[in-house]
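S.K.: Provided below for reference: sequence and predicted model.
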Amino acid sequence: MEKILIIKHGALGDLVLALGTMQVIKRDHPRAEFWLLTTPGLVSIARQFGIFSGFIEDKRGGLYSSIKVLLRVLHLRFSRIYDFQQTQRSHTYRNILRVMFPAGVYEWVEATKNAATQHTFTKKMSLSLGHCSSCAIRLVWEKTDLCCMRGEGKYFDRLPEKYVLLIPGCSAKNAYKRWPAANYGEVADRLAKMGIHSVVLGTQAEAAEGEEISSGREYVVNMIGLTSLQDVPQVAMRSLAVLGNDTGPTHMAAMSGVFTIGLFDHRNAASVLLGDKSVSMVSEGTVDQIAVNEVWEKLLPVVERS
């Protein structure tokens with residue numbers, strides 16, 4: 001059986017955005033066995049999509065860790081490798097494999113997304129004993145549907161009947177993407193006046209934001225640290241709408257079919273939401289320049305219809 005490897009380390013939002021194109025590739029190779037090379041923390045999520053037969057976990061450590069990964073790739077004898085990561089690490093893997101592959105032709109496909117056309121353009125290279133020839137190919141981008149993703153839902157009994165989901169966090173190294181917690185609190189106050197709850201979702205890394213938004217507000221349910229990434233689509237689908245930063249869970253919510261507003265710094269305009277009901281608000285400057293009133297104008301018509 002033909003074996004195909006896809007390299008996608010993360011982050012979470014990037015993996016989610018790439019899953020649709022991965023499904024296109026799988027349909028193009030219905031008899032192939034698909035594997036994913038990714039970071040350990042993303043395996044449990046990727047497993048739910050039914051695309052992959054196996055996983056190679058890459059801790060992105062030093063030389064010894066990289067050699068273990070490459071030996072595993074060689075052992076499995078993939079006939080084609082799709083590089084959805086396009087980083088110095090994946091390029092290093094490509095260059096080493098050009099030397100390590102035994103005789104024969106192995107295809108390496110570099111894939112990048114063109115946000116303007118929503119298509120993935122790729123360059124296919126044949127790898128054989130260091131020889132490299134290339135030709136251009138094209139893959140159509142496709143939206144991922146996450147409505148079937150489910151976690152354990154341990155604390156779903158805390159969810160109110162009517163609520164808007166707030167996602168105030170993001171990766172710690174990208175704190176500039178965070179809309180101020182005080183702004184989320186003001187949105188929650190306006191919703192409370194309409195009898196609508198707010199639910200704050202995130203990890204312990206956003207504990208401070210969760211506390212600031214929920215403190216003294218009886219209409220806010222703080223779910224920080226009580227959900228898994230696999231829970232996100234179901235929490236989003238139960239909500240009236242979602243408001244969040246440029247982070248993986250916001251993208252997941254948008255691809256779950258619920259109305260979602262994403263807040264973006266001008267430097268991340270290429271990461272805009274791709275869900276059918278999504279609204280991307282891109283600041284001309286920093287994300288904190290997006291005013292609460294601007295967000296409320298987008299959110300109010302949706303919650304009024306509830």
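M.R.: Looks like it came in fine. Quick caveat, the model's predicted, so the values are computed rather than measured. Numbering: from 1, shown residues only.
S.K.: C-alpha only now, for contacts and for neighbours.
M.R.: Will do.
S.K.: ranges for the helices of the stretch 151-300 of the chain?
M.R.: Secondary structure of the stretch 151-300 of the chain by DSSP state H, counting those that start in this stretch: the helices cover 181-192, 207-214, 232-237, 248-254, 292-304.
S.K.: Which among those is found nearest to Met100?
M.R.: Each of the helices of the stretch 151-300 of the chain has some distance to Met100 by CA to CA; the shortest is helix 248-254, at 35.3 Å.
S.K.: name the helices or strands packed onto that closest one?
M.R.: Helix 248-254 is packed against helix 12-28, helix 232-237, strand 241-245, strand 260-264, with contacts defined by 3 or more CA pairs under 8 Å, 6 or more residues apart in numbering; DSSP states H and E.
S.K.: okay, these in CSV with distance to Gly62 next?
M.R.: Conversion of these to CSV gives the following (distance: least, CA to CA, whole Å):
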stretch, distance to Gly62
helix 12-28, 22
helix 232-237, 33
strand 241-245, 32
strand 260-264, 33
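S.K.: what ranges of the stretch 51-200 of the chain fall below the confidence cut-off?
M.R.: Along the stretch 51-200 of the chain, segments meeting pLDDT under 70 span 101-106, 112-143.
S.K.: Tell me which stretches of it form strands.
M.R.: In order along the chain, the stretch 51-200 of the chain carries the following strands (DSSP state E, counting those that start in this stretch): 54-57, 80-83, 106-114, 119-128, 131-140, 163-167, 197-200.
S.K.: thinking again about what came up before, could you identify which of the helices of the stretch 151-300 of the chain is most buried?
M.R.: helix 248-254 (a mean of 28; mean count of other CA atoms under 10 Å).
S.K.: circling back: could you dump the helices of the stretch 151-300 of the chain to CSV with distance to Thr260?
M.R.: Supplementary listing: the helices of the stretch 151-300 of the chain in CSV, determined by distance: least, CA to CA, whole Å:
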stretch, distance to Thr260
helix 181-192, 14
helix 207-214, 19
helix 232-237, 9
helix 248-254, 5
helix 292-304, 9
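S.K.: Minimum distance to Leu74: which of those helices has it?
M.R.: helix 248-254 (31.5 Å).
S.K.: which residues are contacting that closest one?
M.R.: Around helix 248-254, the neighbours that count as contacts under CA atoms under 8 Å, 6 or more residues apart in numbering are 11-14, 16-17, 146, 167, 170, 229, 232-233, 236-237, 242-244, 260, 262, 273-278.
S.K.: May I have it exported as PDB, CA atoms only?
M.R.: The C-alpha trace of helix 248-254 is given here as PDB (Å, rounded to 0.1, in the frame of the first residue of the first chain):
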ATOM      1  CA  GLY A 248      -6.800  28.200  17.300                       C
ATOM      2  CA  PRO A 249     -10.000  27.800  19.300                       C
ATOM      3  CA  THR A 250     -11.500  30.800  17.500                       C
ATOM      4  CA  HIS A 251     -10.800  29.200  14.100                       C
ATOM      5  CA  MET A 252     -12.200  26.000  15.400                       C
ATOM      6  CA  ALA A 253     -15.400  27.800  16.500                       C
ATOM      7  CA  ALA A 254     -15.700  29.400  13.000                       C
END
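S.K.: ok so, going back, nearest to Lys154, of the helices of the stretch 151-300 of the chain?
M.R.: For the helices of the stretch 151-300 of the chain, the distance to Lys154 is smallest for helix 232-237, at 11.5 Å, taking CA to CA.
S.K.: Just name whatever secondary elements that closest one is in contact with.
M.R.: Here helix 232-237 is seen to pack against helix 248-254 when contacts are counted using 3+ CA pairs under 8 Å, 6+ apart.
S.K.: hmm, try it at 10 Å
M.R.: For helix 232-237, the contact count by 3 or more CA pairs under 10 Å, 6 or more residues apart in numbering; DSSP states H and E identifies strand 163-167, helix 248-254 as packing neighbours.
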